[in-house]
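Asker: sequence first, predicted coordinates after that:
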Amino acid sequence: MATTRLMTWDPTQFFRTEEGLPSSPYALLILNHPINERAYDVLRKNALTTVCADGGANHFYEMMKARGREDVDHPTTIIGDLDSIHPTIKSHYESHGVNVIYHHDDYSTDFTKALRYIRANTAEILSSSSSSTTTPEQTNTTTTDQQYKESDGLSILILGGLGGRVDQAFSQIHHLYSNSTIPSSSSSASSSEGNRKEGRGNGNEGALYLVSEESITFILHPGKNVIRTPGAKRADLAISTTSGEEKEYLLEENVGIIPLSGPERITTKGFQWDVESWETEIGGQISTSNHIRAEEVEVSAGGAVLFTVELAGRFKRSSSSSSSSSSS
């Protein structure tokens, strides 16, 4: 008898800075899109490495130049076919000892090249965290009782916008989906609720999270998925503070669950509008603008589906961004 596969996800762990290191070690991947600087400023604190995919280095440089820190704050590695990075920026980083890698491959994008590089060097990245000193990306001192192990999965947080051209947005979703490690059906039969690590597929490959201007997005695996959603700004909860200051939220309440590879049937728990064995597909009915109503929510599906949740306003790229909750 096959055992139901359980995956747990905690997208807010990377933003809960008051709790020390997140449970999952992670790398930052900067794409060739405007950077969500508010999210970056939080995420950089505990990142083990920062990799720019070719032209992503341009955006990183301009961000640091605007802060007067272009000679101080650098990415760890820049990789791609290097046709998008400005020559002066490439020379600048090379002069500061940044690892700039030319990798030409007509059959993969710079996004994919960077992902593969991080995954190929996961053991080295994780082993570097055993040092008691901080990495260039970390601003908090890593203590000996908060070390990651080489057996841990390395999550990758991808900073790239979903705004702008529609084809580029679809390309990012395509890469997120195709590069997520989805367990096979044969492995699911032997996976129990007690032995499946958080947000991890096969081996020690961690989860992929796409952090865009307003949301954090990832691919749920087939089976039952439990997503931790503490600190969501929920309309069903009264806002109360002891100091009169507004509570610092991690998420807005708005979520979407989107099938990407054909019809799916999903069952949900912990949302304002829960469904059971509900058929969803592009061109049919899809779940958008649903609302979180619990500290943990559940999504079960026969195949992989996209899950996207709105970031709290203080993590959004633009201060003018506001949450929306139109009905679907």
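Answerer: Looks like it arrived, so ask away. These numbers come from a predicted model, not from an experiment. Numbering: from 1, shown residues only.

Asker: surely Arg293 meets Asp236?
Answerer: Yes - judged on C-beta atoms under 8 Å, Arg293 makes contact with Asp236 at a distance of 5.7 Å. C-beta coordinates here come from the backbone N, C-alpha and C atoms, glycine included.

Asker: so the residue nearest in space to the middle of the chain bridges to which residues?
Answerer: The central residue of the chain, meaning the one whose C-alpha is nearest the mean C-alpha position (C-alpha atoms, centre = their mean), is Tyr209 at 1.9 Å. When bridges are taken as DSSP bridges, the partners of Tyr209 come out as Leu157.

Asker: residues contacting it?
Answerer: Residues in contact with Tyr209 (C-beta atoms under 8 Å, 6 or more residues apart in numbering) are 11, 14, 155-158, 216-218.

Asker: pLDDT wise, what is it at?
Answerer: The confidence metric pLDDT takes the value 97 at Tyr209.

Asker: now do Ser131
Answerer: On the pLDDT scale, Ser131 is placed at 55.

Asker: going forward can the numbers begin at 34, since that is how I track them
Answerer: Shifting the count to begin at 34 puts that one at Ser164.

Asker: wait, a helix at Lys146?
Answerer: Yes - when classified by DSSP: H, G, I helix; E, B strand; the rest coil, Lys146 is found to be part of a helix.

Asker: ok, it touching Asp138?
Answerer: Yes - the pair formed by Lys146 and Asp138 meets the contact definition of C-beta under 8 Å, at 6.6 Å.

Asker: looking at the chain, which helix is longest?
Answerer: Ranked by residue count and defined by DSSP state H, the top helix of the chain is helix 199-212.

Asker: list the buried ones in it?
Answerer: Across helix 199-212, burial judged by 16 or more other C-beta atoms under 10 Å covers 202, 205-206, 208-210, 212.

Asker: any idea which helix or strand carries Val84?
Answerer: Secondary-structure element containing Val84, defined by DSSP states H and E: strand 83-86.

Asker: and that strand, which strands flank it?
Answerer: Its sheet considered, strand 83-86 pairs with strand 59-63 (parallel), strand 110-113 (parallel) by DSSP bridges.

Asker: of all these, which one is nearest Ala334?
Answerer: strand 59-63 (24.9 Å; C-beta to C-beta).

Asker: any idea how far the longest helix of the chain is from the middle of the chain?
Answerer: 14 Å (C-alpha atoms, centre = their mean, to the nearest Å).

Asker: same thing with stretch 305-312?
Answerer: 25 Å.

Asker: give me the low-pLDDT residue ranges for the stretch 134-283 of the chain?
Answerer: Regions of the stretch 134-283 of the chain meeting the criterion pLDDT under 70 cover residues 163-185, 216-237, 272-279.

Asker: what ranges do the helices span in it?
Answerer: In order along the chain, the stretch 134-283 of the chain carries the following helices (DSSP state H, counting those that start in this stretch): 143-153, 155-161, 199-212, 218-221.

Asker: in a markdown table: those helices, plus distance to Ala337.
Answerer: Putting the helices of the stretch 134-283 of the chain into a markdown table (distance: least, C-beta to C-beta, whole Å) gives the following:
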| stretch | distance to Ala337 |
| --- | --- |
| helix 143-153 | 17 |
| helix 155-161 | 22 |
| helix 199-212 | 7 |
| helix 218-221 | 12 |
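
Asker: nearest to Pro120, of those?
Answerer: Of all those, helix 143-153 sits nearest to Pro120, with 16.6 Å by C-beta to C-beta.

Asker: which secondary structure elements does that closest one sit against?
Answerer: In terms of contact count using 3 or more C-beta pairs under 8 Å, 6 or more residues apart in numbering; DSSP states H and E, helix 143-153 is assigned the packing partners strand 59-63, strand 83-86, strand 110-113, strand 187-192, helix 199-212.

Asker: would you turn these into a markdown table with distance to Glu297?
Answerer: Compiled in a markdown table, the helices and strands packed on helix 143-153 are given as follows (distance: least, C-beta to C-beta, whole Å):
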| stretch | distance to Glu297 |
| --- | --- |
| strand 59-63 | 28 |
| strand 83-86 | 30 |
| strand 110-113 | 34 |
| strand 187-192 | 24 |
| helix 199-212 | 13 |
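
Asker: what's the closest of those to Gly289?
Answerer: helix 199-212 (11.7 Å).

Asker: can I get stretch 129-144 as PDB, trimmed to CA atoms?
Answerer: Output of stretch 129-144 as PDB, limited to C-alpha atoms (Å, rounded to 0.1, in the frame of the first residue of the first chain):
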ATOM      1  CA  HIS A 129      37.700  43.000  -6.600                       C
ATOM      2  CA  GLY A 130      38.300  39.200  -6.900                       C
ATOM      3  CA  VAL A 131      34.800  38.200  -7.700                       C
ATOM      4  CA  ASN A 132      34.500  34.700  -9.300                       C
ATOM      5  CA  VAL A 133      33.400  35.500 -12.900                       C
ATOM      6  CA  ILE A 134      32.700  32.400 -14.900                       C
ATOM      7  CA  TYR A 135      32.100  32.300 -18.700                       C
ATOM      8  CA  HIS A 136      29.800  29.400 -19.500                       C
ATOM      9  CA  HIS A 137      28.600  29.200 -23.100                       C
ATOM     10  CA  ASP A 138      25.700  26.800 -23.800                       C
ATOM     11  CA  ASP A 139      23.200  27.500 -26.500                       C
ATOM     12  CA  TYR A 140      20.700  25.000 -24.900                       C
ATOM     13  CA  SER A 141      20.500  26.600 -21.500                       C
ATOM     14  CA  THR A 142      19.700  30.100 -20.200                       C
ATOM     15  CA  ASP A 143      21.800  32.100 -17.800                       C
ATOM     16  CA  PHE A 144      19.100  31.300 -15.200                       C
END
